[in-house]
Structures are given as C-alpha cells and as structure tokens.
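Peer 1: Kindly generate the corresponding structure for this input.
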Amino acid sequence: MKKISTKVCLLLIICFGSLILLGLHNDVNSSAKEKSVYKDIKTFNEVFDMIKKNYVDEIDPTTLMQGAINGMVKSLDPHSSFMTPDLYKELEVETQGQFGGLGIEIMIIKDVLTVVSPIEDTPAFNAGLKPGDQIIKIDGKSTKNIELLAAVKKLRGPKGTKVTLTIMREGMTTPKDFTLTRAIIQVKSVKVKKLEGNIGYIRIAAFQERTSDDLRKELKDLDAKLKPMKGLVLDLRNDPGGLLVQAIEVSDIFLKSGVIVSTRGRAKSMETKAMAKNNGDELTCPIVVLVNEGTASAAEIVAGALQDNGRALVVGAQTFGKASVQTVIPLEDGSALKLTTARYYTPKGRSIQAEGITPDIMVKYIKPSEDVENAAGTEERIREKDLTGHIKPAKEDGTKVDEAQSKEEKDSSDLANDNQLKTAVDILKSWDLMKKNLN
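Peer 2: Below you'll find the predicted structure:
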C-alpha cells in the first residue's frame, strides 16, 4: 500500500508540475503576443509622426487616423467597413427606402466598383446600366481604391442634379460615359400581381424597415382578390438582402413552426436561434421561391428557411452565398463600425457562406432572343466566393397590384420572356396532380 501511495503521489506531483509548466507556457505566449502588439503600436506611432511632420503636404491628423482605421477594417472581409458620420447617415437613409440618387446596388468586386443590380424604374435602370458594369469613374474622377460607402455618397444627391458614370462592360472595347439625372428613389420592396390560374406573384426587391409589414398587407389583399390563392411565386431574384430582422419576420409569415435561422460568432451574444410562431393566418397554398446568382444575404435566409422546413420549392440558379452577419456599432463621434460578427446557418445547420443555396430544381435563365444586349452578364454573375477576402464557409459547430400588369396579356408576355417564372407557374399549376400521383 505504501508503494502504491508513493507512486500515486509521484504521479500527482508530475501532473501538477505539468499543469504549472503549461500555465507558465500559456502566460509566456500571452506575454509574447502583448509585447508584439505594443511593438506594432510603437511602429504605428512612429510612422504616423513621420508622415505628419515630413509629408510633402500638410495632412490633417484626423484624415490619417481614418485612413489607418479604414485599412485595418478593409483587411478583414468585403462586408466590414468604417463609416464617417456622413457615411453612417447614408446607411441609415438606405434602410428607410427613400433617398435622392440613381437607383443602383453596387459592390466592390475584385477591387473594382461594380453594379450588382439596377433597381426597376429608376434613372440607372432607364439609362441602361446592367449587372456587372464596372464604374471606373464618377464625374471624371477615378474610382480606384474607393470605399463602398464613399462611392454611395458620390452617387446620391439632390433630385434633378446630374452625375456622369464612366462604364466598362464586357464586350466593350472602350469605356462609355452615362450621364444620369438623380431622382427621389422610393424603393418599394414588395411588388405584387396576379398570374394565370389564380396564382399569386410577390417580388421582394430588398429587405428594409417596412418589408414584413408591407408583405402582410399585400398578401392579404392578393388572397382576397384570388379567392382563393392556388399557389404563390415568391421572387427573390436579384434581391441583395438587407436587414436580418426583416428576413426573420418575412420567413415567419410563411411558417407555422420550426427554426428560421441561427447565428454563431465569437461573442456569446451572437449565438441566436430564431423560431417561427404560429400566428394562425399563414398561407396554406403551395409556394415556389425563385432565386438566382443575385439572391444574397437576407434573401438567402428566407429561401433557406422555407426550403429546409419543407414549406417551399426553390427554383432557379445557385444563389450568391453571403452567409455572414454585419453589426453596425455607432461610435461616440457619430461615426460607426460595420463589423462582421457572426455566420448564419439554415434550419438544418447548413452554412452557405461562399456556396449559396442550391435550388431544388435548377433552371438556368434563358435570355429572350430580342433582348440579348439587356441580358448581358446574367449567365456568369459574380458571387460571394469571387470576392477578395470573403469569409470562408464554416461547419455548424464552429407595391400594390398594378392593374395594368394584372391583365392576362401582360401575364402571358411575362411568362413568355421569363423561363424561370414560367417554370414556377407550371409547377404550381400541376401541383395537385403531382401530389395526387405521389400519394
């Protein structure tokens, strides 16, 4: 017994000693990292002082500091950014859905300011700007190395003022100037119409502050007019996303129960799970969700939620693949930090970051023969995975009805020129037949 006790004591001493050494090792590593950070800060101060004293022109220290912060944030991912007070105000205006500007969604893609999508019935759309157009100059000034929100500020302005965009497009040999007149852009995020066979159609252009409220109202009106609605096409094509809370509320409109989306980040506060609630007024008709390469972020949350919960059939092309959550953090001086703080996951735990939602039925868009030019760039669209510095995927554990458009001849024209929409309508028209055969 004494021999055994001696061995046990010796083993405990060795283990305890190992833990002490391990703790010391961790302390040494932590201390080394802190020293490295202090060394970097010292270097930064030296560079800052040298520029302030010796640069050929006098530089405002605030400009230098903001440039340093911009560089730091830009090194993270394409969706994090630092916003000066003016730029922060621009972001707040955008989420409210009304502003003076041109009506284009833009993004920095491979270091070039690029049109993601022109918004329907706006100066940009009417002037013929197209997805994939590269904006190389604004009013004659190069956009090289321009920050996204700084570009937004340049494009917006009072109604009636003009701005010239120099555009480079695939197939062009030289850039082309487009002079546009700014207008009040009222982004109506929800558009509705009736299709043949008592099928309803709803398009969500973006997820803004009133999207879910507008959707509830339009759905109620549409259902009353169709008496009853036999099927619904939810069109999320070219929807760049928007507010996360609106994506959750929109999903809940169609779901009685189940997970809508979950988020996970380094901070415990970013671990969330949104659940659908049974409000008693959810639609019971079949739903087809249309998606394409321009379906991103909040729009992908809705598509994923309805797909994983078996509430809708997703039709179209692989989506953009932005599955990260940005938190806007206001700062004391009126500026703000838009920081990527979490990844989101579909109800089945899928992270679609840089991958996108795979439709249940893949239908590639076929551009109408008479509209070849207007459909330029729709076949090979830029997606999240193509963005420099995009966040890598991670596993789970880590708006009213336009009566003119409601006419049958208009519906027929829409279906004839949009093969993806026609597929959705054909699926809904034959839904009962397919269901009967499956049973």
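
Peer 1: So if we follow the domain assignment, how does this protein break up?
Peer 2: 98-184, 190-326+342-438 (automatic domain parsing).

Peer 1: can you give me the helices for this structure?
Peer 2: 2-54, 61-74, 85-96, 123-127, 148-155, 211-226, 244-254, 298-308, 408-417, 419-429, 431-438 (DSSP state H).

Peer 1: between the second one and helix 148-155, how big is the angle?
Peer 2: So the one you mean is helix 61-74. Orientation check (axes from the mean of the first three to the mean of the last three CA atoms, to 10 degrees): helix 61-74 against helix 148-155 gives 120 degrees.

Peer 1: now for helix 61-74, which elements pack on it?
Peer 2: helix 2-54, strand 81-83 (3 or more CB pairs under 8 Å, 6 or more residues apart in numbering; DSSP states H and E). Any C-beta I mention is one placed from the backbone N, CA and C, and that applies to glycine too.

Peer 1: any idea which of those scores lowest on pLDDT?
Peer 2: Mean pLDDT values for the helices and strands packed on helix 61-74 show the minimum at helix 2-54, a mean of 66.

Peer 1: Just the pLDDT at Gly197, thanks.
Peer 2: On the pLDDT scale, Gly197 is placed at 87.

Peer 1: burial count for the closest residue to it other than its chain neighbours?
Peer 2: Once flanking residues are discounted, Gly197 sits nearest to Lys429: 5.0 Å by CB to CB, 6 or more residues apart in numbering. For Lys429, the count of nearby residues is 16 (other CB atoms under 10 Å).

Peer 1: next one: Gly101
Peer 2: Counted with other CB under 10 Å, Gly101 comes out at 25.

Peer 1: Which residue is the nearest non-sequential neighbour of it?
Peer 2: Arg156 is the one closest to Gly101 (CB to CB, 6+ apart), at 4.0 Å.

Peer 1: The one you found - how many residues pack around it?
Peer 2: Arg156: 18 neighbours (other CB under 10 Å).

Peer 1: Double-check it against Lys89; I have them as touching.
Peer 2: No - Arg156 lies out of contact with Lys89 (CB atoms under 8 Å); the separation is 10.6 Å.

Peer 1: any idea how far Thr423 is from the spatially closest residue to Lys422 that is not a sequence neighbour?
Peer 2: Excluding its sequence neighbours, the residue lying closest to Lys422 (CB to CB, 6+ apart) is Leu415, at 4.4 Å. Relative to Thr423, Leu415 is positioned 10 Å away (CB to CB, to the nearest Å).

Peer 1: which residues does Gly197 contact?
Peer 2: Lys230, Gly231, Val425, Leu428, Lys429 (CB atoms under 8 Å, 6 or more residues apart in numbering).

Peer 1: mind putting those in CSV, distance to Ile329 and pLDDT included?
Peer 2: CSV is the format used below for those (distance: CB to CB, whole Å; pLDDT from 0 to 100):
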residue, distance to Ile329, pLDDT
Lys230, 46, 93
Gly231, 43, 96
Val425, 44, 94
Leu428, 43, 94
Lys429, 49, 90
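
Peer 1: Now the buried members of the residues you listed.
Peer 2: Gly231, Val425, Leu428, Lys429 (16 or more other CB atoms under 10 Å).

Peer 1: Next one, pLDDT for the nearest residue to Asn417 once chain neighbours are set aside please.
Peer 2: The shortest distance from Asn417 to any non-neighbouring residue, by CB to CB, 6+ apart, is to Pro368 (4.8 Å). Model confidence at Pro368, given as pLDDT, is 76.

Peer 1: Check the burial of Pro368 by counting its neighbours.
Peer 2: Count around Pro368 with other CB under 10 Å applied: 12.
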